[in-house]
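Asker: Following is a predicted model, sequence given first.
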Amino acid sequence: MISNAASKTAQRTLKSSLPCRTKVIAAALPFNQRSNPYSSSSGPMSTQSPTDVRTDDLRQPLKAAAFEGAAAAPPPAGATEDVEATYSFRGTESTTRSRNRTIPGTLHTVRVANPGNAGLSNNCWGQDKLRQKYPKLSDNVDADVCVIGGGVSGLTTAHLLAKAGKRVVVLESRVIGSGITGRSLGDMTVWHTGLFSSLERYTSTNQRQQVIDSNVEAINFVESVVKSENINCGFTRVPAYLLPAGAEPVPGDSSDPRSSSSSSSKERQGERLLRQELEACKAAGLDVNMVDLQGLSGIDHAVQLPESATLNPIEYVQGLAAAITGKYGGRIYESTRMRKVDSNKKIIYTMEGFKVDASQAYVNATAAPSTSNLVDSAAHVLALHGKQHVRRRYVVALKVPKFSGFKPTVYYDTAEPPHTAMLVPGKQTSDTGYHDLLVVAGEAHDQGKRPSEYGEPLANLEAWARAKWPRAGERLYAWSYQYFQTAEDLGLYGRDPTITASKAAYVATGDCGRIMSSGTLAGNVIASQLLGWPAGQLYKNIYSPSRKLRGLPGLPAWSPRYFKNTIQSALDMLLPLPRFVKAAGDIENLAAGEGCIINSGPLALRKVAVYKDDRGEVHKFSGLCPHLGCLLQWNPEEKEWNCPCHGSCFDKEGQNIAGPATIDMTRLDK
C-alpha cells in the first residue's frame, strides 16, 4: 500500500516525468499525425500527450475477459462461407484455396484440426487456448514487404506499413501470439529496466534521453492503437516503483548466505544501488522521487517511477492482426514456417516450397533472426548472435482475493537478476472463484543449463513474492519465457548488418526482456526506415544493429556471455558428459515425462537427446541443434529442448517452436 503523499505524487507522475525538452527527438516514431507537447513538428510519431489519449474507458480497471482464459480478441461482426477465398491487396489479387471466404469486416476463421499445444504455455493470458485463425500459405504470393514473425515486433511493423498503403504479408510459423509475446508480462515502462546507472558507462546523456523518449512514445503508441483500433486488451496506466534489492529467502535452505548474517550487508548494498539509480535517472532527465511505502513487507521506501502500463499481450497482438487484415488489406498466414530466404531477390520460401516475392523488403521479426543455410547462420553469429546471449525468466501468478487492498501497481527492483511484480485483475471461475492475480517474474538465468543446474526457480520466485506480499494465496499459474540480452542492454532494430543479407533485409532482435516495449519500438523504427519517416534516422544510432557503444575499437560489441556459453556447449558436445544415464540399456531409469542428453557410440562422444513420454515410450533425437550444431539441453521446467547458443527451442518430441532454427530435431528412432 502506498502512503498518501506517494499516492498523490503517483497521480502527477506522467505529466512531470519527461525531460524538459520539446524538440522533435521525442516525436519521430510513426504513432499518428497529430502534434503533442513533445514534438515541434507534425510527424509519424504518436503525437498525443499521455493525458490527452486517456479516456474514461481506458482508465477503467483491466477487463476481466482480458486475462484468464480469453486469449483472443472478439472478431468483428460477420460470417464465413465455404468457397474459394480471394484476398484483395490494394489492387493486386491473390487467390488461395480455403474452405472459408472472408466476408468484409470479419476475421478469417480457418476450420482446421486442433493444432495441439506444442510450445504453448498455460498462463494467465490463455496462450494454451490459442487456435489457428488465418490460413496457411498454399500458393505463391507477392507483396511490397514480407514480415516473418507474428509477435509484437512483426505485427507492429506490419500494422504501420499496411496502414500506410503497403502490400504486406505476415508469415507466422504457428499462430499469432504463440511465441515470446504471448508469454511476456504485458508491462511497459518509461524507466530503463537494465538500470540507468549501468547505461551511464557507455552512453551519453543525450542517448539516455533518447531511451526515455522512445519508451514514452512506445507506451503512447500502444495506447493510441488500442483506442483507434478498438482493441479490448485491458490497457491501463498504473503507478510504478523501484524497490531496493535485499536478502531474499531461499525455501528450505537456512545455510544459504541469503538467509544468514550477510543479509544486512546485502540490504545495505541494495539501498546504495537504489540511491545510485535515483541519481542516474535524474541525470538522464527522468522525474523520479524517493517515497515512503506502507504495507509492503520489509520495504520502507522506493523510487517512484513514471507511470507504467499493463495489458494482455495476446489480445493486443490479435487486435493488431485483426486490424491488419480486416481494415488495411494485409495478409496473415499462420502455420507457415519460413525455410530460407533469397536475400538478393527478396524471395522468402516456406517449408512447403511456396514463396513470397517481396518487391521492397523483408523483415525478420522472430526474436532471434531465422537463417537460411550454414553460411548465413555463421555470418549471423558475427553480425548479430554474437552481440547477445539467451536468457530464461520465470513467472508465477498467485491468487489474490478481490477487494483485499492490493493496488494496480507495477514493482521493479534492483536485484540481479531483477524481479517484476504486478496485479492482474481476474474473473469469476468455477475452479478458483472470484479473485485477482499477483504476477511475479524473476530468477532469470542463461538458457541451456544442464537439468541438474536448474535448482528451484519457481519456488524461489514464489518465496520472494510471499516475503513481500504475505497475504498472497495459492499459485495458479507458472511459466517461463526466453529473451535476448544484448551486450549494451539496448535493442537491435533496423537493417540487417550481416554480409550475406541484402540492403532489403531488416531485423528486430535484442529485446533485453522488455518484450512489449522493445517490440513496439522495433516495429516503429523499422517501419519508419522503410517509409522514410524521421524516426528511421532519429533512433538509428541508439538502436541500430550495427551500432558500437562499448567494446574494443574496431570490433563489434560482442557479448562475452555468448562466447562463454557457446564454448561450454562445444566442450559438452566434444567430450563425454557426466553419466546421468549409463547406457542405452539403462534408459528405463529415466522418469516418465522427462528427458536428458546421453553419451552414445564407442567413445561415448555421440550425444543423443532422449525423451520418455507418459506411456513409457522412448523417443530419440540427435542432441545437436539443427541450426549450427550446438548441444541442446533438456529444460525440466518447460519440458522442452533449449539451445544455449542462439535460442532455438524444440518441444519434448523435437518439434521446432522457436528459431533461429527452421527445422525440427533429427529423429533417430524412426
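Answerer: Received, thanks.

Asker: quick one, what contacts the closest residue to Glu172 other than its chain neighbours?
Answerer: Once flanking residues are discounted, Glu172 sits nearest to Gly150: 3.2 Å by Cβ to Cβ, 6 or more residues apart in numbering. Every C-beta, even on glycine, is put in place using the N, C-alpha and C of the backbone. Applying Cβ atoms under 8 Å, 6 or more residues apart in numbering to Gly150 gives the contacts Val170, Leu171, Glu172, Val175, Ile176, Gly177, Ser178, Gly179, Val317, Ala321, Ile332, Glu334.

Asker: One more pass at 7 Å, please.
Answerer: By Cβ atoms under 7 Å, 6 or more residues apart in numbering, the contact set of Gly150 is Val170, Glu172, Ile176, Ile332.

Asker: Pick out whichever of these sits closest to Leu632.
Answerer: Glu172 (23.8 Å; Cβ to Cβ).

Asker: quick one: buried residues of stretch 223-230?
Answerer: Within stretch 223-230, the residues scored as buried using 16 or more other Cβ atoms under 10 Å are Glu223, Ser224, Val225, Val226, Lys227, Glu229.

Asker: out of the contacts of Gly150, who's nearest Asp342?
Answerer: Among these, and counting by Cβ to Cβ, the member closest to Asp342 is Val170, at 18.9 Å.

Asker: and the closest one, what are its bridge partners?
Answerer: Val147, Ile332 (DSSP bridges).

Asker: So which of the buried residues of stretch 223-230 is the closest to Ala421?
Answerer: Of the buried residues of stretch 223-230, the one sitting nearest to Ala421 (Cβ to Cβ) turns out to be Glu223, at 22.3 Å.

Asker: three-state assignment of Ser528?
Answerer: Using DSSP: H, G, I helix; E, B strand; the rest coil, the three-state assignment for Ser528 comes out as helix.

Asker: circling back to that earlier point, if you rank the contacts of Gly150 by neighbours, which is first?
Answerer: With neighbours set by other Cβ atoms under 10 Å, the maximum within the contacts of Gly150 is found at Val170, which has 32 neighbours.

Asker: Give the full set of residues in contact with it.
Answerer: If you count contacts by Cβ under 7 Å, 6+ apart, Val170 has them with Val147, Gly150, Gly154, Leu155, Ala158, Gly330, Ile332, Tyr333.

Asker: And Ala383, how close does it get to Ala487?
Answerer: Distance check for Ala383 against Ala487: by Cβ to Cβ, to the nearest Å, it reads 13 Å.

Asker: ok, back up a step: confirm the residue nearest to Glu172 sits in a strand?
Answerer: No: counting by three-state DSSP, Gly150 falls outside a strand, being coil.

Asker: So for it, what's the pLDDT?
Answerer: Note for Gly150: predicted pLDDT of 94.

Asker: Now rank the contacts of Val170 by neighbours and give me the top one.
Answerer: Val147 (37 neighbours).

Asker: That one and Ser153 touch, don't they?
Answerer: No: with contact defined as Cβ atoms under 7 Å, Val147 does not reach Ser153; the gap is 8.9 Å.

Asker: who touches both of the two?
Answerer: With Cβ under 7 Å, 6+ apart as the test, Val147 and Ser153 both reach Ala365.

Asker: about what we covered before: could the buried residues of stretch 223-230 be laid out in CSV, adding secondary structure, pLDDT and distance to Arg208?
Answerer: Output for these, formatted as CSV (DSSP: H, G, I helix; E, B strand; the rest coil; pLDDT from 0 to 100; distance: Cβ to Cβ, whole Å):
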residue, secondary structure, pLDDT, distance to Arg208
Glu223, helix, 97, 23
Ser224, helix, 97, 25
Val225, helix, 97, 26
Val226, helix, 97, 28
Lys227, helix, 97, 30
Glu229, coil, 97, 32
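
Asker: Please identify which of these is nearest to Ser546.
Answerer: Distances from Ser546 to those, taken by Cβ to Cβ, are shortest for Val225, at 28.8 Å.

Asker: Sketch out the helices for the stretch 401-550 of the chain, chain order is fine.
Answerer: With DSSP state H, counting those that start in this stretch as the criterion, the stretch 401-550 of the chain has helices at 457-468, 515-531, 535-538, 540-543.

Asker: helices or strands next to the second one in the packing?
Answerer: Which is helix 515-531. Using 3 or more Cβ pairs under 7 Å, 6 or more residues apart in numbering; DSSP states H and E, the elements in contact with helix 515-531 are helix 152-163, strand 187-188, helix 205-228, strand 355-367, strand 492-495, strand 505-509, helix 535-538.

Asker: out of those, deepest packed?
Answerer: Comparing those by mean neighbour count (mean count of other Cβ atoms under 10 Å), helix 152-163 comes out on top with a mean of 29.

Asker: Need the residues that contact it.
Answerer: By Cβ under 7 Å, 6+ apart, helix 152-163 touches 30, 145, 147-148, 168, 170, 181, 313, 317, 320-321, 323-324, 328-330, 363, 365, 508, 515-516, 519-520, 522-524, 526-527, 530.

Asker: In ChimeraX, how would I select the buried members of these?
Answerer: A single ChimeraX command selects the buried members of the contacts of helix 152-163 (16+ other Cβ under 10 Å):
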select :30,145,147,148,168,170,181,313,317,320,321,323,324,328,329,330,363,365,508,515,516,519,520,522,523,524,526,527,530
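
Asker: Extract the CA atoms of the helix or strand harbouring Ser198 and return them as PDB.
Answerer: According to DSSP states H and E, Ser198 maps onto helix 196-199. Extracted in PDB, the C-alpha atoms of helix 196-199 (Å, rounded to 0.1, in the frame of the first residue of the first chain):
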ATOM      1  CA  PHE A 196      20.300   3.900 -16.000                       C
ATOM      2  CA  SER A 197      23.300   3.700 -13.600                       C
ATOM      3  CA  SER A 198      24.600   0.800 -15.700                       C
ATOM      4  CA  LEU A 199      23.800   2.500 -19.000                       C
END
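
Asker: Just the buried positions in it, please.
Answerer: Using 16+ other Cβ under 10 Å as the test for burial, helix 196-199 gives Phe196, Ser197, Leu199.

Asker: before we move on, what about stretch 280-294?
Answerer: Neighbour counts over stretch 280-294 (16+ other Cβ under 10 Å) mark Ala280, Cys281, Ala284, Gly285, Leu286, Asp287, Val288, Asn289, Val291, Leu293 as buried.

Asker: With stretch 473-493 instead?
Answerer: For stretch 473-493, by 16+ other Cβ under 10 Å, it's 473, 475-493.

Asker: hang on, isn't Ile657 packed against Ala118?
Answerer: Yes: Ile657 lies in contact with Ala118 (Cβ under 7 Å); the separation is 6.0 Å.

Asker: more crowded one of the two?
Answerer: Ranked by neighbour count (other Cβ under 10 Å), Ile657 and Ala118 place Ile657 first, with 20 against 15.

Asker: so how far is Ala218 from Pro534?
Answerer: 16 Å.

Asker: Model confidence for the spatially most central residue of the chain, exactly?
Answerer: Note on the chain: the residue nearest the mean C-alpha position is Ile515, at 3.4 Å, using Cα atoms, centre = their mean. Listed pLDDT for Ile515 reads 95.

Asker: hang on, it packs against Gly179?
Answerer: No: between Ile515 and Gly179 there is no contact under Cβ under 7 Å: 9.7 Å.
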